[in-house]
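Participant: 3D, please:
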Amino acid sequence: MSIETQSRTALEEFISLLKEVDERWCSPEWNLNSPQDIVGSHRALMHIVEAALVGYFEQDASNPDFRRIVTRGRKLTGDNSDAIYFDAPISPDHAYVIHGNMNGAAYFSLTIEQGAEDGHIAKSTCGVINDTKMEVDSNGNFTVYLGGEEKPSSWLALPQGTSRVTTRHYFEHAQPAAMDPDLEPRMHIQCLSATDKPAPPNDESVAAGIRRVSNAVRSRTLEMPTLAGGEMPSFMAITPNEFPQPQTPGNFGLAAFDAHYSLAPFFIGEDEALIITGRWPDCRFGNVCLWNRFQQTFDYTSRSVSLNRNQTELEADGSFKIILAHEDPGLPNWLDTEGNLFGLAFWRFFLVEGEAQTPQASVVKLADIKQ
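Facilitator: A predicted model of the protein is given here:
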C-alpha cells in the first residue's frame with residue numbers, strides 16, 4: 001500500500017496531464033494529421049517538460065537565480081540561434097539587484113513579465129530596460145535594480161502581478177551565438193529585501209513544484225491556440241509566404257518592447273524555392289529564423305537555418321536576396337528547410353531607426369535558379 005502524500009497526488013496529476021496532452025495536443029485537434037506531425041509534437045513536448053523542470057520545479061522569488069531558458073537541445077516559445085535568454089522568478093513584494101555583463105552582445109535588455117506565477121506562461125510585459133538606458137562600463141559590466149525605492153537610473157519598478165524577469169543577449173556573429181559556450185553571459189540576481197533563510201524542502205513545497213511544472217506544460221500545450229486559431233498578434237500572418245509589416249509587439253507576453261517582429265508561414269513544394277527580398281533596417285540587431293510549427297528553430301548546429309545582418313551577403317544596391325530551399329541552390333544566403341514543405345519564418349529587428357521595410361517573398365522553381 002502506497003504512502004499518500006501531497007507530492008504523490010501532484011505527481012499523479014502531472015502524469016494524467018501528460019496523457020491528456022498526448023491524446024489532445026498531439027492529435028488532429030491541434031491540426032496534426034500525419035505520423036511526422038505527431039513525432040514532432042512529442043519532441044516539442046519533451047523540450048517543454050525539460051524547460052518546465054529546469055525553470056519552475058525549484059524556484060523561490062525571495063532567493064532567485066538565473067537559469068537559461070532555451071539551448072541548442074531545449075527549444076520552445078520561439079527560440080533564436082543568435083540569442084541567449086535567461087529568466088528568474090521575482091515578486092513585487094521584494095527588491096533586487098542584478099549584476100551582469102554585455103559579453104559583446106549587439107543588444108541587451110531586461111523585461112518584466114506579468115501573469116507567469118506558478119509556471120503559467122506570461123500574459124503581458126510590464127517593464128523593459130535596454131543597454132542604452134543602463135550604465136555599462138568599459139568592460140561591459142552593468143548593475144540594474146528592480147523594485148524598492150526608485151533610483152535615478154538603471155532601475156525598473158515592479159508593478160503588481162510581476163512574476164519573472166527575462167534577459168536577452170543578441171549577437172550578430174558569423175556563427176550562431178546560441179551554440180557558443182564562450183558567449184554565455186554571467187549574471188547574478190540577489191534579493192535585497194528577504195530576511196529569512198529558505199525553508200528546507202517538504203511535502204507541500206515539492207507538491208507545489210510539481211504543480212508549477214504541470215502549469216508550465218499545460219500553458220504551452222493545451223492552453224495554446226492552434227496556428228490558425230484564436231486571436232493572434234498583428235505581427236503574425238497565417239497566409240503562407242506573405243509577411244506582415246514589421247511592427248512592435250506592445251505588451252504581448254514574452255515579447256520585447258524594443259523589437260519589430262514579422263512572422264509568416266512558408267510553404268513550398270519539393271521542387272520549389274522561396275525567394276525573399278528586402279533591406280535590413282537601421283537597427284541594433286536584425287535576423288530571420290526558421291521554425292517548425294511548434295516554434296522551435298531548425299537545427300542551427302549543422303545547417304544554415306537563420307541569417308543575421310553579419311551573415312548576409314548583400315546585393316550591389318544594399319538589398320538582400322534570401323533563398324529558402326530544400327537543397328543548396330549554389331547561391332548566397334541559403335536557408336535550409338531541412339526538407340520541410342511547411343514551417344515558419346520569423347524576423348526580429350531591435351531598436352529600429354526609421355522604417356522597417358516588409359520583406360517580399362515569391363515562389364519559384366528551384367531548377368530555374370539553381371547554379
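
Participant: The protein: helices as residue ranges?
Facilitator: Using DSSP state H, the helices assigned to the chain run over residues 6-20, 35-52, 203-219, 366-369.

Participant: same question for the second one, mean pLDDT?
Facilitator: Right, helix 35-52. Mean pLDDT, helix 35-52: 98.

Participant: Ok, stretch 224-236 next?
Facilitator: 75.

Participant: measure it end to end?
Facilitator: The first and final residues of stretch 224-236 sit 15 Å from each other (C-alpha to C-alpha, to the nearest Å).

Participant: Turn the helices of the chain into CSV, columns for distance to F320 and mean neighbour count.
Facilitator: (C-beta placed from N, C-alpha, C; glycine too.) As requested, the helices of the chain are exported to CSV (distance: least, C-beta to C-beta, whole Å; neighbours: other C-beta atoms under 10 Å):
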stretch, distance to F320, mean neighbour count
helix 6-20, 43, 15
helix 35-52, 30, 17
helix 203-219, 37, 20
helix 366-369, 15, 13
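
Participant: Now distance to A237 too, for these, in CSV please.
Facilitator: Putting the helices of the chain into CSV (distance: least, C-beta to C-beta, whole Å) gives the following:
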stretch, distance to A237
helix 6-20, 30
helix 35-52, 21
helix 203-219, 24
helix 366-369, 24
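
Participant: Out of these, flag the one nearest G115.
Facilitator: helix 203-219 (9.8 Å; C-beta to C-beta).

Participant: Centre of the chain to the closest one, how far?
Facilitator: 22 Å (C-alpha atoms, centre = their mean, to the nearest Å).

Participant: Kindly calculate the angle that it makes with helix 6-20.
Facilitator: Interaxial angle, helix 203-219 versus helix 6-20 (axes from the mean of the first three to the mean of the last three C-alpha atoms, to 10 degrees): 10 degrees.

Participant: So what touches helix 203-219?
Facilitator: 5-7, 9-11, 13-14, 17-18, 21, 45, 48-49, 51-53, 55-59, 118-121, 199 (C-beta atoms under 8 Å, 6 or more residues apart in numbering).

Participant: circling back to that earlier point, tell me which of the helices of the chain sits nearest to K133.
Facilitator: Here helix 35-52 is closest among the helices of the chain (C-beta to C-beta), at 29.3 Å.

Participant: okay, the closest one in CSV with CA atoms only?
Facilitator: C-alpha atoms of helix 35-52 as CSV (Å, rounded to 0.1, in the frame of the first residue of the first chain):
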residue,chain,number,x,y,z
PRO,A,35,2.9,10.5,-38.2
GLN,A,36,5.5,13.1,-38.8
ASP,A,37,3.3,15.7,-37.1
ILE,A,38,2.8,13.5,-34.1
VAL,A,39,6.5,12.7,-33.8
GLY,A,40,7.2,16.5,-33.9
SER,A,41,4.7,17.2,-31.2
HIS,A,42,6.2,14.5,-28.9
ARG,A,43,9.7,16.0,-29.4
ALA,A,44,8.3,19.5,-28.7
LEU,A,45,6.6,18.1,-25.6
MET,A,46,9.8,16.7,-24.2
HIS,A,47,11.5,20.0,-24.7
ILE,A,48,8.7,21.8,-22.9
VAL,A,49,8.9,19.3,-20.0
GLU,A,50,12.6,19.8,-19.7
ALA,A,51,12.2,23.6,-19.7
ALA,A,52,9.5,23.3,-17.1
